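S.K.: When you get a sec, could you give me coordinates for this:
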Amino acid sequence: GERHAVNLEALRWLDAIAKKISAGFLITIDYGSRYPAGACNPPRTFFKHYQGTDDLTQPGRDITSNVDFEALMGEGRKSSLDLESYSTLSRFLLDGGIEDWIRPEAEGLDSFKARSKIKTLLHPEGMGEIFKVLIQSKGLAS
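M.R.: Below is the predicted model:
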């Protein structure tokens, strides 16, 4: 009796991409989680910046759901993609050296504005923990 949002097109898209590349990386960044089989991932609505889960038929509401990264990993395995990593956006950016990439003076920002930009990407209540980064590869095994 519960709703579980599934993006079937994402799985077909992943398979199509895997067939087109012979060697390289596929990087998927979005909000979501790894959902075990049978876990509930209900669709949500947004109306005037407020989130809800009811009344999906009301006009003017944006309907969305979290990405099921476990499904993308499974489809990737079926499509000959190797799992390279799965992490939060903040971990991905910190490991990638974001602090070296954002230079306040180069962007005409004072250091407070630069820190605010980074904080938006890294903060656990912002994009940093909500967004996930899935990196899959093909044809790179040594």
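S.K.: list the contacts for I29?
M.R.: 89, 131-134 (CB atoms under 8 Å, 6 or more residues apart in numbering). Every residue, glycine included, has its C-beta placed from N, CA and C.
S.K.: residues of stretch 12-26 that come out buried?
M.R.: By neighbour count on 16 or more other CB atoms under 10 Å, the buried set for stretch 12-26 is 14-15, 17-18, 26.
S.K.: a markdown table please, covering the residues you listed and showing secondary structure and distance to A39.
M.R.: Converted to a markdown table, the buried residues of stretch 12-26 look like this (DSSP: H, G, I helix; E, B strand; the rest coil; distance: CB to CB, whole Å):
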| residue | secondary structure | distance to A39 |
| --- | --- | --- |
| L14 | helix | 20 |
| D15 | helix | 23 |
| I17 | helix | 26 |
| A18 | helix | 25 |
| L26 | strand | 24 |
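S.K.: taking the contacts of I29 one by one, which sit in helices?
M.R.: Using DSSP state H, L89 are the members of the contacts of I29 that sit in helices.
S.K.: Between the contacts of I29, which sits nearest P59?
M.R.: For these, the residue nearest P59 by CB to CB is F131; the value is 28.7 Å.
S.K.: just to revisit the earlier point, could you dump the buried residues of stretch 12-26 into CSV with pLDDT added?
M.R.: Shown next, in CSV, are the buried residues of stretch 12-26 (pLDDT from 0 to 100):
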residue, pLDDT
L14, 94
D15, 94
I17, 95
A18, 94
L26, 96
